[in-house]
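Trainee: Please work out how this folds:
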Amino acid sequence: MKLNTRFLVITAIILLAALTRLLPHIPNFTALSAVALFGAAQYNKKLLAFLVPLTALVLSDAILGFYAGMEWVYGTFILIIISGFALRNKVTAPRVILLSIVSSLIMYVVSDFGMWIGSGIYPHTLTGFTACYIAALPFLRNELLGDLFYSGLLFGTFYLAQIKFPTLLKERVK
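Mentor: Just a heads-up that it's a prediction; the model follows:
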């Protein structure tokens, strides 16, 4: 029952955080990367670390509407989950902060490359490439702030919940 309660609480946190996409927000100030990191760090099984956060992303996109270039966002999300495995059994504030920043940079580099390649807005030249990334800098700032805020909220809330409810503690991996 201990693991079942932990699973339900982690899943509820992820789904609630994903719902914040449906609320009015500053562009790119969302919980998406934090959800990916949190799931990767907290689920005992790697399959769940991919399945639950990706399902939350698909469900929120189904409500908001699917969009061109979403394959780049989903690919980025998968890369962030993979990077989040570095937090498994090693969740500390400095690591969460570092991986939140790394997540923002992954999103910036990969999704804006997809924008440059697929949108037709920017010419496929070095000038177009540079213009695309420069135009995306305000989104990077918002992504950084959102990732740091939501990672702090998710990991901090769960840390405090584990203190209050020890049944949420993860069993040590041997």
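
Trainee: How is the residue nearest the centre of the chain assigned, secondary-structure-wise?
Mentor: Among the residues of the chain, the one closest to the centroid is Ser33, at 1.5 Å (Cα atoms, centre = their mean). Ser33 carries the three-state label helix when classified by DSSP: H, G, I helix; E, B strand; the rest coil.

Trainee: List the contacts of it.
Mentor: Going by Cβ atoms under 8 Å, 6 or more residues apart in numbering, Ser33 touches 77, 80, 100, 103-104, 107, 143, 146-147, 150-151. Every residue, glycine included, has its C-beta placed from N, CA and C.

Trainee: Between the residues you listed, which sits nearest Thr20?
Mentor: Nearest to Thr20 among those is Tyr150, at 7.6 Å by Cβ to Cβ.

Trainee: List the contacts of Val110.
Mentor: Applying Cβ under 8 Å, 6+ apart, the residues near Val110 are 72, 75-76, 79.

Trainee: among these, who's most crowded?
Mentor: Using other Cβ atoms under 10 Å as the neighbour criterion, Thr76 leads those with 23 neighbours.

Trainee: Please determine how far that residue is located from Pro94.
Mentor: As judged by Cβ to Cβ, to the nearest Å, Thr76 and Pro94 stand 23 Å apart.

Trainee: any idea of the mean pLDDT in the helix of greatest length in the chain?
Mentor: Identified as the longest helix of the chain according to DSSP state H is helix 137-164. When pLDDT is averaged along helix 137-164, the result is 95.

Trainee: Tell me the spacing between Gly120 and Gly69.
Mentor: Taken as Cβ to Cβ, the span from Gly120 to Gly69 is 11 Å.

Trainee: These two: which is more packed in?
Mentor: Neighbour totals were compared for Gly120 and Gly69, and Gly69 leads with 13 against 10 (other Cβ under 10 Å).

Trainee: how about that one, what does it touch?
Mentor: Gly69 neighbours (Cβ under 8 Å, 6+ apart): 111, 114-115, 118-119.

Trainee: swap the cut-off to 10 Å and go again
Mentor: Listed by Cβ atoms under 10 Å, 6 or more residues apart in numbering, the contact partners of Gly69 are 111, 114-115, 117-119.
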